[in-house]
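**Q** Predicted model follows, preceded by the sequence.
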There are 2 protein chains.
Amino acid sequence: MEPELTIQQVAEATGLSVHTLRYYERCDLIAPIRRLANGHRRYSTRDIRWIEFLNRLRLTGMPIRQMQQYAALMQQSPDETAQERRQLLEAHREVMVAQIQQLQENLAVIDWKIQHYGELEAKAKASGLFPPEDTQTNGQILPSRRSSNRL
Amino acid sequence: MEPELTIQQVAEATGLSVHTLRYYERCDLIAPIRRLANGHRRYSTRDIRWIEFLNRLRLTGMPIRQMQQYAALMQQSPDETAQERRQLLEAHREVMVAQIQQLQENLAVIDWKIQHYGELEAKAKASGLFPPEDTQTNGQILPSRRSSNRL
DNA sequence: ACTTGACTTCGAGTGCGCTCTAACTTGTAC
DNA sequence: GTACAAGTTAGAGCGCACTCGAAGTCAAGT
């Protein structure tokens, strides 16, 4: 019933390397995995869910230290530390939201610049074979509120 | 007219450290800054705009190597390499968009988990002083589509 | 004359998160 | 038996992006 995957399979399933999986276990992000008689790891579906969750935290930029905290609470007592864990997650949530917002802001600027390049190229094409006259404009770097073509 | 800031002031203005500013110049992210007779740097507003732009790229996860490429093109010829630079930006844009989307996906999962914790706590409060009966549920890690309270 | 403080360079050091190596054990296939 | 594949460990190494330290220069203030 319970699949019980090898480390290889878990690596494939989660996108982490086998090295990383062992590394995570070493630094207590993952509780000791069940072993076969020969010492080989066998991961339960539960283990895999946990790893996938860790991966999400990681992908959203949570530092390993914090994941360790979370994992430690989990191993200490899944019940009694629930509140503390929720708080950790909520704190991280705030970070994520801020992160997303900043990315979106910066995306807007990048888009603005890309569009600007498009205009320059169009102008170049329209006005002859060589690049536009406004060398300076091209060198301009940041919109910084309503900056027109001038410098 | 032109302000011409010291490295200190630029650090304050941009949020980068003076160390980092020098480091960026060393590795050609920033073209050689104008110097006073005594060797001290004086940054023009143009320089600052460029630095702010770099910072945006950095904040959106562009590796220094790529920024170097962009900077190199810029120094090579602001006009003739415009197209190439636009392409670089467009490629980066794609990365950013993907990044934002993944963050949002993961945010949704984190939110789901936080909410779940909230429910557990409410249940705990409702049913007496001690934690809820479903110890296992609490240990569950990932929603992975319609996972109910079981295991 | 001397201290203070802001700057300079070069090169070394740091912290993070892996990533890899070497040496070894096990289990299976031929 | 012997080769091969897949696992194990401890520990070293790596790439990135800074970050810092040491030693020196220079200008202004007392």
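**A** Everything's here; your move. Numbering: from 1, shown residues only, chains lettered A, B, ... in the order given.

**Q** host element of A:Tyr24?
**A** helix A:18-26 (DSSP states H and E).

**Q** And the contacts of that helix?
**A** For helix A:18-26, contacts defined as Cβ atoms under 8 Å, 6 or more residues apart in numbering or on different chains pick out A:Ile7, A:Gln8, A:Val10, A:Ala11, A:Thr14, A:Leu16, A:Ile30, A:Ala31, A:Pro32, A:Ile33, A:Ile51, A:Leu54. In this view, the C-beta of every residue, glycine as well, is placed from N, C-alpha and C.

**Q** Can you flag the buried ones in these?
**A** A:Ile7, A:Val10, A:Ala11, A:Thr14, A:Leu16, A:Ile30, A:Ile33, A:Ile51, A:Leu54 (16 or more other Cβ atoms under 10 Å in any protein chain shown).

**Q** Pipe those residues into a markdown table and attach pLDDT per row.
**A** Putting the buried ones among the contacts of helix A:18-26 into a markdown table (pLDDT from 0 to 100) gives the following:
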| residue | pLDDT |
| --- | --- |
| A:Ile7 | 98 |
| A:Val10 | 98 |
| A:Ala11 | 97 |
| A:Thr14 | 97 |
| A:Leu16 | 98 |
| A:Ile30 | 98 |
| A:Ile33 | 98 |
| A:Ile51 | 98 |
| A:Leu54 | 98 |
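
**Q** out of these, who's near DNA strand D?
**A** A:Ile7 (Cβ under 7 Å from any atom of the strand).

**Q** Would you point out the most distant pair within the buried ones among the contacts of helix A:18-26?
**A** The most widely separated members of these are A:Ile7 and A:Leu54, with 15.2 Å between them, by Cβ to Cβ.

**Q** rewinding a little: just the closest of the contacts of helix A:18-26 to B:Glu80, please.
**A** For those, the nearest to B:Glu80 is A:Leu16 (43.7 Å; Cβ to Cβ).

**Q** on that earlier part again, briefly note if the helix holding A:Tyr24 comes near DNA strand D.
**A** Yes: under the criterion of Cβ under 7 Å from any atom of the strand, helix A:18-26 makes contact with DNA strand D via A:Val18, A:Arg22, A:Arg26.

**Q** Surely A:Leu29 is in a helix?
**A** No: using DSSP: H, G, I helix; E, B strand; the rest coil, the assignment for A:Leu29 is coil, not a helix.

**Q** residues in contact with it?
**A** Applying Cβ under 8 Å, 6+ apart to A:Leu29 gives the contacts A:Leu54, A:Ile64, A:Met67, A:Gln68, A:Ala71.

**Q** Tabulate the CA atom coordinates of the helix holding A:Tyr24 in PDB.
**A** Listed next in PDB are the C-alpha coordinates belonging to helix A:18-26 (Å, rounded to 0.1, in the frame of the first residue of the first chain):
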ATOM      1  CA  VAL A  18      19.900  13.100  -3.700                       C
ATOM      2  CA  HIS A  19      22.800  15.100  -2.300                       C
ATOM      3  CA  THR A  20      20.400  17.800  -1.200                       C
ATOM      4  CA  LEU A  21      18.000  15.300   0.300                       C
ATOM      5  CA  ARG A  22      20.700  13.800   2.500                       C
ATOM      6  CA  TYR A  23      21.900  17.300   3.300                       C
ATOM      7  CA  TYR A  24      18.500  18.300   4.400                       C
ATOM      8  CA  GLU A  25      18.300  15.300   6.700                       C
ATOM      9  CA  ARG A  26      21.800  16.000   8.100                       C
END
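
**Q** Quick one: name whatever helix or strand follows it.
**A** Next in sequence after helix A:18-26, counting helices and strands by DSSP H and E, comes helix A:45-59.

**Q** which stretches of chain A have low pLDDT?
**A** For chain A, applying pLDDT under 70 flags the ranges A:1, A:125, A:127-151.

**Q** try 80 this time
**A** Applying pLDDT under 80 to chain A flags the ranges A:1-2, A:120-151.

**Q** Select the longest helix from it.
**A** helix A:82-126 (DSSP state H).

**Q** For A:Arg35, which non-adjacent residue is spatially closest?
**A** In this structure, A:Arg35 finds its nearest non-sequential neighbour in A:Arg41, 6.1 Å apart by Cβ to Cβ, 6 or more residues apart in numbering or on different chains.

**Q** Within range of DNA strand D, give me the residues from chain A.
**A** A:Thr6, A:Ile7, A:Gln8, A:Gln9, A:Val18, A:Arg22, A:Arg26, A:Arg35, A:Gly39, A:His40, A:Arg41.

**Q** One more pass at 10 Å, please.
**A** A:5-12, A:18-19, A:21-23, A:25-26, A:32-33, A:35-36, A:38-43 (Cβ under 10 Å from any atom of the strand).

**Q** Sort out which of the residues you listed are buried, if you could.
**A** A:Leu5, A:Ile7, A:Val10, A:Ala11, A:Leu21, A:Arg22, A:Glu25, A:Ile33, A:Arg41, A:Arg42, A:Tyr43.
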